[in-house]
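Engineer: how does the following fold in three dimensions:
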Amino acid sequence: MLSPNSLQAIEASQGWRQHRVEMFDLPEGRVVVKGQRSARGPWRFRVLSALARLTSNPLLRPVPAPGGAAAQATEVARLRALAASGVQVPELMHQGADYIVLRRIEGQPLQDQFTGEVGVALRAFTRGLDGLIDLHRRGQYLSQGFARNMLAAPDGLWYIDFEDDPLQVMDLPDAQARDLLSYLLSAVWINRASRADLMSVWSATARSVAPDVMQRVRVAASGLSWLRRLPRERKPWGRDVVTVQALAEFMHNWNTSEPALS
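Structural biologist: You can find the predicted model right below:
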């Protein structure tokens, strides 16, 4: 709970109204204030949109993000459901008419660790996958399972950004398969560990994925296969192309080398 003085300070500020997100140091601790945002079009997730079209795989398509009060209500509901399941998400400290207040997590985006020392990068990759498996076993799923939405802290991984709900357009196994593919898309190309080491970690992890989820991952991997022939060089093609190529090659190699898992 926030005191009347803390709420007054938040509501008097123009920072979160102008920039949508603002940090405060309050007597109750460090918090993040998130104002409502306008609806986001699918272009924001252009890589997933392109993958969905090119592979005819609906689970890869971006989930509608309505913005405004609807998105805030979705985030509040998802935060409460995840927290009730034991998933580490920021504490919801207050819900206002056009903003929410979350306790600030003093962590580093997991994605940042992918570009560090090789051993650190591989451990971070493993940590992200382990976190997803644990989260899925609790019957949960993310909105956007990218590594940038996972915060690495001394007490574990924390998850952020829940303004859209995949279950509005797909079932739970699809949503969980989408988490895994989104994570790999955000990790494989950028991670400094060798592809062989990443493959070893992913192959071991895949054996613990629920069969109905794994079947969907397999189908997606097959659909991605031809995209491995895309250029491997970032210049002049851009990051999106090489990111997709890396995921497609990685998933093709796994899908064809371990048929016993299918």
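Engineer: in the helix or strand residue 70 falls within, what's buried?
Structural biologist: Per DSSP states H and E: residue 70 is located in helix 68-84. Going by neighbour count (16 or more other CB atoms under 10 Å), the buried part of helix 68-84 is 71, 72, 74, 75, 78, 79, 81, 82. Backbone N, C-alpha and C define where each C-beta goes, glycine included.
Engineer: ok, then the element right after that helix?
Structural biologist: Past helix 68-84, the next helix or strand by DSSP H and E is strand 92-95.
Engineer: got a list of contacts for that following strand?
Structural biologist: 1-2, 7, 10, 28, 31, 72, 76, 79-80, 83, 100-103 (CB atoms under 8 Å, 6 or more residues apart in numbering).
Engineer: which one of those sits closest to residue 219?
Structural biologist: residue 79 (30.9 Å; CB to CB).
Engineer: need the pLDDT of residue 184.
Structural biologist: For residue 184, the pLDDT comes out at 97.
Engineer: need the contact list for it.
Structural biologist: 202, 247, 250, 251.
Engineer: ranges for the helices of this structure?
Structural biologist: Using DSSP state H, the helices of the chain run over residues 4-12, 15-19, 46-55, 68-84, 110-113, 118-137, 172-187, 195-206, 211-224, 239-257.
Engineer: and those helices, which is most packed in?
Structural biologist: helix 172-187 (a mean of 24; mean count of other CB atoms under 10 Å).
Engineer: shaky segments in the chain?
Structural biologist: Within the chain, the stretches with pLDDT under 70 are 39-48, 234-237, 259-262.
Engineer: go with 80
Structural biologist: Applying pLDDT under 80 to the chain flags the ranges 37-62, 64-67, 231, 233-240, 258-262.
Engineer: what's the closest of the contacts of residue 184 to residue 62?
Structural biologist: Out of the contacts of residue 184, the member with the shortest distance to residue 62 (by CB to CB) is residue 247, at 16.2 Å.
Engineer: so who does the nearest residue to residue 148 once chain neighbours are set aside touch?
Structural biologist: Nearest residue to residue 148, sequence neighbours excluded (CB to CB, 6 or more residues apart in numbering): residue 111, at 4.6 Å. Neighbour list for residue 111: 146, 147, 148, 150, 186, 187, 190 [criterion: CB under 8 Å, 6+ apart].
Engineer: burial count for the first one?
Structural biologist: I take that to be residue 146. Residue 146: 21 surrounding residues under other CB atoms under 10 Å.
Engineer: what does it show for phi and psi?
Structural biologist: Here is the backbone geometry of residue 146 (degrees, to the nearest 10): phi -80, psi 150.
Engineer: now do the contacts for the spatially closest residue to it that is not a sequence neighbour.
Structural biologist: Spatial nearest neighbour of residue 146, excluding adjacent residues (CB to CB, 6+ apart): residue 186 at 4.2 Å. Listed by CB under 8 Å, 6+ apart, the contact set of residue 186 reads 111, 145, 146, 147, 148.
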